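Engineer: next come a sequence and a model predicted from it.
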Amino acid sequence: MLFPMAPTDSLFLLGESREHPMHVGGLAVFTPPEGSSASDVRAMFDAALIGDQVAAPFRKRARRSVTSLGQWGWDTLPHDEVDLEHHVRRDALPQPGGMAELMTLVSRLHGTLLDRSRPPWEMHLIEGLADGRYAIYTKIHHALADGASAMRLLRDSMSEDPHRRNMPTPWQPRTPLAAVPDAGTAVTTGPGSALPAMAWDAARAAVGEVAGLLPAALGTVDRARRGKGGALSLTAPHTLFNVPISGARHVAARSFPIERIRLLAKHADATINDIVLTMCAGTLRAYLHTRDALPDNPLIAMVPVSLRAPETGTGDRTPGGNRVGVLMCNLATHLPDPAHRLATVRNCMNEGKAALQAMSPAQVLAMSALGAAPLGVEMFLGRRGPLRPPFNVVISNVAGPRTPLYWNGARLESLYPLSIPTTGQALNITCTSSDDQIVFGLTGCRRTVPDLHPMLDHLDAELDLLETAVGL
């Protein structure tokens with residue numbers, strides 16, 4: 001049976017082409033437990049491949065048919081129809097097997113399309129790191145999972161207990177399979193059922209949502225016109241990042257102690273995300289300035305905001321799909337003083353968050369769609385439009401594990417996020433925290449941004465400048 005796909009999810013399928021892969025990814029690097037080696041970690045994965053059970057998110061295949069009127073939907077395959085030998089692949093690094101060789105391999109893997117005739121995910125088991133560690137690169141189509149849900153899939157496959165063994169792989173079910181009702185089974189209720197009342201309440205709420213969309217839209221446009229923070233921007237300049245792109249990818253990453261950034265945020269009366277955005281702002285300013293390509297007007301970043309419920313035990317833990325809103329942030333790249341850039345970023349994000357908090361979740365999604373609509377049109381057409389870009393760069397900050405995590409005793413040492421450049425957006429910056437580190441993952445079009453490493457050095461320099469600016 002084909003189950004409907006959310007329109008925001010299907011956009012990533014409609015906008016995909018050879019030059020525009022639409023998957024997110026992550027590179028996890030593990031240190032084997034004491035007394036073991038990378039070959040022992042591989043042996044555990046090899047043993048798992050013999051199994052015949054696959055968790056539901058890894059059995060979902062995107063399809064469309066006459067019955068769905070040509071719209072995309074999800075078809076969940078039986079366990080025995082998922083070819084794990086296709087999805088789980090083995091790779092080895094050339095000598096000397098350092099991070100440079102690893103990133104070169106992952107850059108190449110990240111530029112290839114997923115097979116749409118199968119569930120849209122791959123996991124690459126990578127051997128050959130000279131220091132004895134073991135790497136796993138995973139990519140999953142953005143229609144199937146956003147960054148937050150992909151991070152949950154990772155966390156759910158690991159444990160805080162370094163002594164725990166016999167743990168399943170990420171693609172295996174977490175718990176023994178149990179009988180569940182068929183998706184088409186009707187729900188029965190006894191006398192005095194509240195369903196009619198619930199339906200009436202839902203209908204009234206829907207009418208209220210529609211009525212609230214117009215004032216929300218007018219307020220969003222007015223804030224954009226006045227240059228205030230919100231889901232829409234009208235002032236993004238054209239930059240060398242806002243051009244058509246190719247399908248080849250280049251990835252780079254650098255990590256920083258999260259306590260260092262947390263201390264900076266405390267002294268600056270800012271959030272960690274404000275610091276992340278300001279570091280990116282200074283990096284982009286320096287990168288463009290050295291190429292004599294810095295525009296007079298400030299760059300605008302689209303900042304995704306997760307709308308998922310917190311993981312409190314009662315929140316929504318549905319792993320699939322995309323549930324994000326967006327804010328447009330003025331990066332103040334026209335200002336030479338890092339303290340002034342931080343103040344601008346902090347004020348813009350505070351304004352934007354206040355605007356979203358005044359809306360319902362449905363209104364947030366609608367206004368976010370309004371702000372991202374020009375990019376959606378470009379994705380669908382596969383080319384840059386004639387107008388100025390809706391924003392200049394996407395900067396995400398995805399919360400990762402806060403404590404050390406292990407898989408069958410192998411410790412997760414590093415977690416590098418990889419994301420999606422699109423037509424008109426040749427660079428994506430995604431950050432994620434992992435234990436005591438925060439990692440900046442840069443994913444770019446290899447043709448447009450052939451060398452990302454200068455940006456890593458600019459990130460280092462910008463963090464130093466911000467610490468000096470607040471007196472640290």
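Structural biologist: Right, received. Where do you want to start?

Engineer: SS state for L13?
Structural biologist: Judged by DSSP: H, G, I helix; E, B strand; the rest coil, the three-state class of L13 is helix.

Engineer: roughly how far apart are it and A38?
Structural biologist: Distance of L13 to A38, computed by CB to CB, to the nearest Å: 36 Å. Backbone N, C-alpha and C define where each C-beta goes, glycine included.

Engineer: which stretches of the stretch 301-450 of the chain have low pLDDT?
Structural biologist: For the stretch 301-450 of the chain, applying pLDDT under 70 flags the ranges 307-324, 379-387.

Engineer: quick one: the helices in it?
Structural biologist: Listed in chain order, the helices of the stretch 301-450 of the chain (DSSP state H, counting those that start in this stretch) span 338-357, 361-381.

Engineer: who's in contact with the shortest one?
Structural biologist: To tie it back to what came earlier, the one meant is helix 338-357. Applying CB atoms under 8 Å, 6 or more residues apart in numbering, the contact partners of helix 338-357 are 219-220, 223, 228-231, 268-271, 273-275, 277-278, 281-282, 285, 298, 303, 305, 325, 327-333, 335, 364, 367, 462, 465-466, 469-470.

Engineer: show the buried residues in those residues.
Structural biologist: Among the contacts of helix 338-357, those scoring as buried are 219-220, 223, 228-231, 268, 270-271, 273-275, 277-278, 281-282, 285, 298, 303, 305, 325, 327-333, 335, 364, 367, 462, 465-466, 469-470 (criterion: 16 or more other CB atoms under 10 Å).

Engineer: looking at L13 and A38, which one has more neighbours?
Structural biologist: A38 (21 against 18; other CB atoms under 10 Å).

Engineer: who touches the more buried one in this structure?
Structural biologist: If you count contacts by CB under 8 Å, 6+ apart, then A38 has P32, E127, L129, G132, R133, Y134 around it.

Engineer: redo that, cut-off 6 Å
Structural biologist: P32, E127, G132, Y134 (CB atoms under 6 Å, 6 or more residues apart in numbering).

Engineer: which residues touch S107?
Structural biologist: R249, H250, V251.

Engineer: quick check: the first one vs M123, distance?
Structural biologist: By that I understand R249. According to CB to CB, R249 stands 18 Å off from M123.

Engineer: so between the two, which is more surrounded?
Structural biologist: R249 (24 against 19).

Engineer: the more buried one bridge partners, please.
Structural biologist: For R249, the beta-bridge partners under DSSP bridges are C445.

Engineer: swap in the one 5 residues further on?
Structural biologist: In this structure, R254 has the following beta-bridge partners (DSSP bridges): F440.

Engineer: isn't it right up against F440?
Structural biologist: Yes: with contact defined as CB atoms under 6 Å, R254 reaches F440; the gap is 5.5 Å.

Engineer: hang on, D435 packs against Y406?
Structural biologist: No: with contact defined as CB under 6 Å, D435 does not reach Y406; the gap is 11.0 Å.

Engineer: and the two? Which one has more around it.
Structural biologist: Y406 (20 against 17).

Engineer: okay, and the beta partners of that one?
Structural biologist: With DSSP bridges as the rule, Y406 is bridged to S159, R411.

Engineer: bridged to S433, which residues?
Structural biologist: Applying DSSP bridges to S433, the residues it is bridged with are I438.

Engineer: that one: how many residues sit nearby?
Structural biologist: If you count neighbours by other CB under 10 Å, S433 ends up with 20.

Engineer: against R402, how distant is it?
Structural biologist: 7 Å.

Engineer: then E16?
Structural biologist: From E16 over to R402 the distance is 33 Å, taken as CB to CB.

Engineer: state the number of residues packed around P237.
Structural biologist: For P237, the count of nearby residues is 17 (other CB under 10 Å).

Engineer: surely it meets I300?
Structural biologist: No: with contact defined as CB under 6 Å, P237 does not count as touching I300 (8.2 Å).

Engineer: quick one, what contacts Q71?
Structural biologist: With CB under 6 Å, 6+ apart, Q71 has these contacts: R64.

Engineer: which SS class is G26?
Structural biologist: Assignment for G26 (three-state DSSP): strand.

Engineer: isn't it up against T138?
Structural biologist: Yes: G26 is within contact range of T138, at 5.4 Å (criterion: CB under 6 Å).

Engineer: quick one on the thing from earlier: any common contacting residues for R254 and F440?
Structural biologist: By CB under 6 Å, 6+ apart, R254 and F440 have these common neighbours: L459.

Engineer: can you redo the contacts of A38 as a markdown table with neighbour count and secondary structure?
Structural biologist: Formatted as a markdown table, these follow (neighbours: other CB atoms under 10 Å; DSSP: H, G, I helix; E, B strand; the rest coil):
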| residue | neighbour count | secondary structure |
| --- | --- | --- |
| P32 | 20 | coil |
| E127 | 16 | strand |
| G132 | 12 | coil |
| Y134 | 26 | strand |
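
Engineer: which one of those is nearest P168?
Structural biologist: Among the contacts of A38, Y134 lies closest to P168 (CB to CB), at 17.2 Å.

Engineer: give the contact list for that closest one.
Structural biologist: Y134 makes contacts with F30, A38, V41, as judged by CB under 6 Å, 6+ apart.

Engineer: now those residues in CSV, with pLDDT?
Structural biologist: Below are the contacts of Y134 laid out as CSV (pLDDT from 0 to 100):
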residue, pLDDT
F30, 96
A38, 93
V41, 92
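
Engineer: from those, which land in helices?
Structural biologist: A38, V41 (DSSP state H).

Engineer: for the contacts of Y134, which one is nearest S159?
Structural biologist: Proximity of the contacts of Y134 to S159 (CB to CB) peaks at F30, which lies at 13.0 Å.

Engineer: that closest one contacts A410, doesn't it?
Structural biologist: Yes: taking contacts as CB under 6 Å, F30 lies within contact range of A410: 4.1 Å.

Engineer: for the closest residue to A248 other than its chain neighbours, the count of nearby residues, please.
Structural biologist: Once flanking residues are discounted, A248 sits nearest to R446: 3.9 Å by CB to CB, 6 or more residues apart in numbering. Using other CB under 10 Å, R446 has 20 other residues around it.
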